[in-house]
Structure formats: structure tokens, C-alpha cells
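[1] Take this sequence and fold it.
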Amino acid sequence: MTKTIAITGATGFTGGAIARYFHVKGWRILAFGRRENPNLPHDIHYRQWDIASGTIAMPEPIDVVVHAAARVDDSGKYDDFMRVNVQGTQNVLDTFRKAYQFIHISSSSVYDPFAEKIRVTEDFSYGIHYLNAYSETKMLAEKIIINDNRTNKVILRPRAIYGEGDTTLLPRLLRLHKGRFMLGIGDGNNEISITYICNFCHAVERVTQHDFDCEIFNITDTETLTQRELLAKLAELMAWDCKPLFMPRQVPESIAKTGQFLGNHLGFRPQLSPYAVHQLADTFTLDMSKAQQLLDYQPPYTQADGFAAIQDGLKKSGK
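    Below is the predicted model:
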């Protein structure tokens with residue numbers, strides 16, 4: 001019997017990839033998003049829905065809900081993030097009360113941004129203070145789900161999802177290219193976990209094969225890489241003849257804090273944020289032991305596969 005999966009945020013990078021993945025697997029897809037015209041296969045049932053506006057009627061039975069909709073940005077008004085990431089999550093929970101399983105796409109940015117993060121496990125502490133409204137409201141959304149009385153709910157925490165069509169990580173990294181240089185922060189030797197979108201979709205599928213009361217899983221690639229290796233890989237993908245230039249951390253942090261202050265008061269979007277500095281310059285690696293043990297999650301793709309997919313996408317687009 002064909003199973004039905006409902007996916008919020010299906011017009012975004014992550015939600016759209018999950019919708020296309022399960023479509024290929026033969027699931028019946030109910031996709032939701034804010035945009036009028038989704039870039040999805042024509043036989044996927046799509047409904048326009050701003051989750052911040054309230055609940056919607058959902059009379060038909062749903063096997064799995066994947067809640068991928070979120071406001072994702074380094075800056076912006078706190079109230080806007082609260083409406084989408086917190087109240088919107090509550091609206092999605094209430095809309096799909098009768099769904100068999102609820103999967104929430106969260107973020108590793110919920111972990112304490114000021115603590116050392118080497119092979120972080122799922123019981124690592126939340127932050128007391130966060131670098132931006134996105135991280136804080138993703139943490140608050142998790143608390144709503146954890147405290148909700150429904151069962152069979154899972155929270156997934158990826159870090160730095162990348163792949164063909166990426167609208168967050170790749171654009172952020174591209175801004176580091178300045179003429180003959182790729183700008184880095186610190187000495188470039190900090191280790192980073194990143195998550196290829198196809199590995200992440202596979203992890204979501206693994207969750208659907210299990211029943212849980214309430215579980216949280218880190219999801220990332222098997223390999224880690226250093227900031228220096230990441231920037232070199234980006235330059236190679238873009239065929240840029242440039243050299244790495246690593247700045248003392250204090251310089252970009254000062255620029256980012258000034259930009260954030262001016263952006264908050266003058267209403268423009270700074271090119272560099274304190275959050276982006278921490279994401280790039282800090283060692284931040286995830287421990288996947290729990291997902292490997294309870295989900296039998298073994299990433300089927302390497303980072304070489306992920307970067308090759310980005311390169312193919314760039315060729316198709318003529319960039």
C-alpha cells in the first residue's frame with residue numbers, strides 16, 4: 001500500500017529535496033510551501049500554505065509528516081523568526097495531530113554556540129545566549145515538539161546542508177571570494193561537519209522505518225574537513241585561480257558585529273554576521289553514533305559525490 005508523506009517547506013532547498021526523494025521512492029507526496037509556483041514534479045500534490053498564518057484542515061490520513069519549513073537567515077526581526085519557526089511549528093503540529101509519525105528538521109545551531117564542539121552528541125546543552133534569532137527560535141521549536149503530548153516524533157539536527165541547488169551554505173561561501181583570494185578566518189585548521197543533501201534525505205527515510213516515542217539524531221556526512229580544505233574545494237569547483245588568505249579572527253568578528261548593529265538599526269542586511277564567523281571559524285563536529293545504532297544510518301554518499309553534484313549543477317546553469 002502506498003504511503004502518504006506530508007512535507008512543509010517543500011519549495012525550499014531541503015524540503016524540496018526530500019519531496020523529490022520520496023517521490024522517486026514511490027510515496028504519495030503532499031507538499032506545502034509559501035510560494036505560488038513550486039519547482040516540483042507535476043504529479044506531486046502541492047498546496048500553498050504560510051505556516052505562520054495558522055492551521056489548515058487535513059481530513060485525509062497521513063503516514064509521515066516532515067516539517068522542513070523555517071525562516072533561515074543570519075539576520076532579521078526576531079518577531080518574524082518567532083512567527084515562522086516557533087508559532088509555525090505549533091501550527092504544523094496541530095494540523096497533523098492524526099499523522100502516524102512527525103519528523104522535525106532542526107539544526108545543529110541549537111547547540112551552545114560558545115562551548116567547544118568536538119564530536120557533539122545529542123545530549124549536548126542548548127545555548128543560554130545565541131548569535132542570531134534563527135538559532136534561538138529553532139531551539140524553542142524543538143522544545144515545543146519535545147513537550148508536546150504526541151508520540152512517534154523525531155528531531156533531526158543536520159549541520160551545513162549542501163548540494164545542488166543549495167541556497168544557504170554555498171552563497172555564504174561564495175561571498176568569501178575576493179579577487180585573487182579566498183578569505184578565511186583564523187588558521188583554517190578547524191574541523192567542520194557538513195551534510196550532503198542526499199545523505200540527509202536517506203536519513204529521513206531511515207527514520208520512517210522505525211517507531212520512536214521521542215528521539216533526537218545528529219545527521220551529517222561520515223567525513224569531516226577543515227575550513228582550509230572546504231575553501232580549497234570551493235575554489236576548485238568554481239575554477240577560480242586564487243589563494244587562501246586567512247585573517248586573524250578578531251578582524252572579521254569586529255566587522256560582523258558592527259555590520260549586525262548597523263543592520264538592526266538601519267534595516268539593511270550585512271554581508272558578514274557573527275553567526276557566519278562562528279560557523280566557519282569554529283571547530284564543530286557531530287557524533288553520529290546514535291543514528292548509526294538506532295537508525296542504521298550509514299551515509300551512502302561521500303563528500304566527493306556531493307561536490308561532484310554541485311559541479312554538475314553549476315555546469316547545467318552555465319556558471
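
[2] If we ignore the residues flanking it in sequence, what's nearest residue 26?
    Using Cβ to Cβ, 6 or more residues apart in numbering and skipping residues adjacent in sequence, the residue nearest residue 26 is residue 2, 6.7 Å away. No exception for glycine: its C-beta is placed from N, CA and C like everyone else's.

[3] That should have said residue 195, apologies.
    For residue 195, the spatially nearest residue (Cβ to Cβ, 6+ apart) is residue 158, at 4.2 Å.

[4] what's the neighbour count on the residue nearest to residue 26?
    Using other Cβ atoms under 10 Å, residue 2 has 7 other residues around it.

[5] hmm, back to that, could you give the backbone dihedrals for the residue nearest to residue 195?
    phi -80, psi 170 (degrees, to the nearest 10).

[6] Pairing-wise in the sheet, spell out the partners of it.
    Note on residue 158: beta-bridge partners by DSSP bridges are residue 219.

[7] For it, list the residues it contacts.
    Going by Cβ atoms under 8 Å, 6 or more residues apart in numbering, residue 158 touches 105, 107, 108, 195, 200, 218, 219, 220.

[8] any idea how far residue 301 is from the fourth one?
    The gap separating residue 195 from residue 301 is 10 Å, by Cβ to Cβ, to the nearest Å.

[9] cool, and the fifth one?
    Spatial separation of residue 200 from residue 301 under the definition Cβ to Cβ is 10 Å.

[10] Looking at the two, which is more packed in?
    Using other Cβ under 10 Å, the more surrounded residue of residue 200 and residue 301 is residue 200, with 24 against 17.

[11] Next, give phi and psi for the more buried one.
    phi -70, psi -40.

[12] That one is in contact with residue 14, isn't it?
    Yes. Residue 200 is within contact range of residue 14, at 7.2 Å (criterion: Cβ atoms under 8 Å).

[13] tell me which element residue 62 is part of?
    Using DSSP states H and E, residue 62 sits in no helix or strand.

[14] Grab the nearest non-local neighbour of it.
    Nearest one to residue 62, counting by Cβ to Cβ, 6+ apart, is residue 99 at 4.0 Å.

[15] Equivalent analysis for residue 48, please.
    Residue 48 sits nearest to residue 36 (Cβ to Cβ, 6+ apart), 6.2 Å away.

[16] Now do the SS call for the one you found.
    coil (DSSP: H, G, I helix; E, B strand; the rest coil).

[17] about what we covered before: hey, what's in contact with both of residue 195 and residue 301?
    Common neighbours of residue 195 and residue 301 (Cβ under 8 Å, 6+ apart) are residue 221.

[18] still on that earlier bit, including distance to residue 245 and pLDDT, could the contacts of residue 158 go into TSV?
    TSV is the format used below for those (distance: Cβ to Cβ, whole Å; pLDDT from 0 to 100):
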residue	distance to residue 245	pLDDT
105	35	98
107	29	98
108	27	98
195	27	97
200	32	98
218	32	98
219	32	98
220	28	98
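
[19] Need the max-distance pair from those residues.
    Using Cβ to Cβ, the two most remote members of the contacts of residue 158 are 105 and 220, lying 13.6 Å apart.

[20] could you dump the helix or strand of the chain with the lowest mean pLDDT to PDB, C-alpha only?
    Using mean pLDDT, DSSP states H and E, helix 250-266 stands out as the lowest-scoring helix or strand of the chain, at a mean of 80. Coordinates of each C-alpha in helix 250-266 appear next as PDB, following Å, rounded to 0.1, in the frame of the first residue of the first chain:
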ATOM      1  CA  GLN A 250      39.300  39.500  15.700                       C
ATOM      2  CA  VAL A 251      39.100  41.300  12.300                       C
ATOM      3  CA  PRO A 252      36.000  39.600  10.800                       C
ATOM      4  CA  GLU A 253      34.300  39.400  14.200                       C
ATOM      5  CA  SER A 254      34.700  43.100  14.700                       C
ATOM      6  CA  ILE A 255      33.400  43.800  11.100                       C
ATOM      7  CA  ALA A 256      30.500  41.300  11.700                       C
ATOM      8  CA  LYS A 257      29.400  42.900  15.000                       C
ATOM      9  CA  THR A 258      29.500  46.400  13.500                       C
ATOM     10  CA  GLY A 259      27.500  45.200  10.500                       C
ATOM     11  CA  GLN A 260      24.900  43.500  12.600                       C
ATOM     12  CA  PHE A 261      24.500  46.600  14.800                       C
ATOM     13  CA  LEU A 262      24.100  48.900  11.800                       C
ATOM     14  CA  GLY A 263      21.800  46.400  10.000                       C
ATOM     15  CA  ASN A 264      19.500  46.100  13.000                       C
ATOM     16  CA  HIS A 265      19.200  49.900  13.200                       C
ATOM     17  CA  LEU A 266      19.300  50.900   9.600                       C
END
